[in-house]
Each structure stands twice: as structure tokens, then as C-alpha cells.
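Asker: What would the 3D arrangement of this be:
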Amino acid sequence: MVNTIRSLAKGASKRYYITAAPQCPFPDVYIGGALDNAFFDAVYVQFYNNYCETSVPSEFNFDTWDEWARTKSPNSDVKIYLGAPASSSAAGNGYVDAPTLAKIAQQAQKEYTSFGGVMLWDADAAYTNNRYDRAIKNALTGGTTISFSASPTLPLTTTTASSSTSLPELKLPFKDPRKTARVKRPQGFTLFQRDPAPTATPAKERIISPRFFRP
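Answerer: Numbering: from 1, shown residues only. Sure thing, here's the model as predicted:
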């Protein structure tokens, strides 16, 4: 399929990128074969919810993926992204605070030529966790360092010229699917209860004047 998409995109007016998101155990049980036989532009490896996650330094295996990128991938310039959860609630296991992930990412950036950057799951978790994404970006690009304190339950706010209103945190009636490695669609739930339908009121009988009828 990847090769077919690549052939169809050949000669197009704009460039198309093909990526994959395997889990860190190597080779990936689901798409390992595709990775070895198709031309991918980037691979976003999930280094969480697995034994080889960022929170277990002795098992962290970015080096294995770098070796694959340099020696086995059909694209010798494929980029490997370090996938990590952006808050403690975004995954079941593998979360580390921003300073820790920043050090891991900086080390990978220095050691591995295939390093492409960091992928965070997900944007919402990063934004509400005191802009976790910004802290990691600054660490990799040499931007201004910002202080960081984990606050995964920080409420979102909307600001107008005269007021600031906090939005209440949404409580879902099912377990957050981001806590599992493979997301499944929740079954048998309703996010919001519908208001009961109003009782129908009989319409009043309309009296028609005989002057509207022609004899």
C-alpha cells in the first residue's frame, strides 16, 4: 500500500510525506514488515506504554531504531521521532517530566544521525501541562528556557478584553483511551444527557369565518 501511494504521488504538484507510528519493541509486530520494505519519510516511535519507554533508561532503545534507519530502511535518510506522553494522564506508563525528557532528547539529538525530533501525545495534554511542548522545543532549538512544574489538571481559560472565564474540566463517563497502547472506541456511553422531549400541547381549534367562503 505504501509503495502504491508513493507511485501515485510521483510527479504531483506538491510533495506527500508517508509516516508510521510503531511501538518501541523492535521489530514492531504490526508494521515491521512494511517498515523494512517500503519508503517512509519519518517514523514516530511510541516510547511509552512499553518496557522500552523513556522512563526506563536501561531499556530505552532509540539506538536500535537508529541502526534500523541507517542499515535496513529503504530510505537511508528516514527520520526517527521520539514519541512520548505529554502528561501523566496521557499514557498508562512512560511519562517523565519536561527536564528529564529534554535531556533524553538532547542526548539523542547529539548521538543519532536519524533523530528527527520529538512527537508528543497529544497536543491537548501538552498545552494543559504548562506548555510541556514549549519546554521540549526550547531544549532542542536553544530557545529561552522556561520554568516547569507539572500541572496536568490545569483548566483552560478564555480571555476577553474585560474578563477571564475558566472552563470546567470535562468529566468523561469512560476510561481515558490514551492510557492504553492501542486505542479502542468506547462502547455504550453518552457524553451528554438529552433533555426530555416537551409534552405536545393540543392546538386550539381555529374558527374560520364564513366570509372567507364563496357561496
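Asker: mind listing the helices for the chain?
Answerer: 2-9, 32-37, 62-71, 98-111, 123-128, 132-141 (DSSP state H).
Asker: Is Glu59 in contact with Cys52, as I believe?
Answerer: Yes - Glu59 sits in contact with Cys52 when judged by C-beta atoms under 8 Å, with a separation of 4.8 Å. The C-beta positions use only the backbone N, C-alpha and C, and glycine is treated the same way.
Asker: which one of these two has more residues nearby?
Answerer: Under the criterion of other C-beta atoms under 10 Å, the comparison of Glu59 against Cys52 puts Cys52 first, with 21 against 14.
Asker: Switch the helices of the chain over to a markdown table; also include distance to Tyr48.
Answerer: What follows is the helices of the chain, written out as a markdown table (distance: least, C-beta to C-beta, whole Å):
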| stretch | distance to Tyr48 |
| --- | --- |
| helix 2-9 | 25 |
| helix 32-37 | 19 |
| helix 62-71 | 13 |
| helix 98-111 | 11 |
| helix 123-128 | 12 |
| helix 132-141 | 14 |
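Asker: just the strands in the protein please.
Answerer: Defined through DSSP state E, the strands belonging to the chain, from first to last, are 19-20, 42-46, 79-85, 115-121, 157-159, 164-166.
Asker: Make CSV from the helices of the chain and add mean neighbour count to it.
Answerer: Listed next are these as CSV, based on neighbours: other C-beta atoms under 10 Å:
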stretch, mean neighbour count
helix 2-9, 12
helix 32-37, 14
helix 62-71, 17
helix 98-111, 17
helix 123-128, 17
helix 132-141, 18
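Asker: closest one to Val45 among the ones you listed?
Answerer: helix 62-71 (5.6 Å; C-beta to C-beta).
Asker: Could you name the helices and strands sitting against that closest one?
Answerer: Applying 3 or more C-beta pairs under 8 Å, 6 or more residues apart in numbering; DSSP states H and E, one finds that helix 62-71 contacts strand 42-46, strand 79-85, helix 98-111.
Asker: What are the phi and psi values at Met27?
Answerer: No Met there; residue 27 is Pro. Reported as degrees, to the nearest 10, the phi and psi values for Pro27 are phi -80, psi 160.
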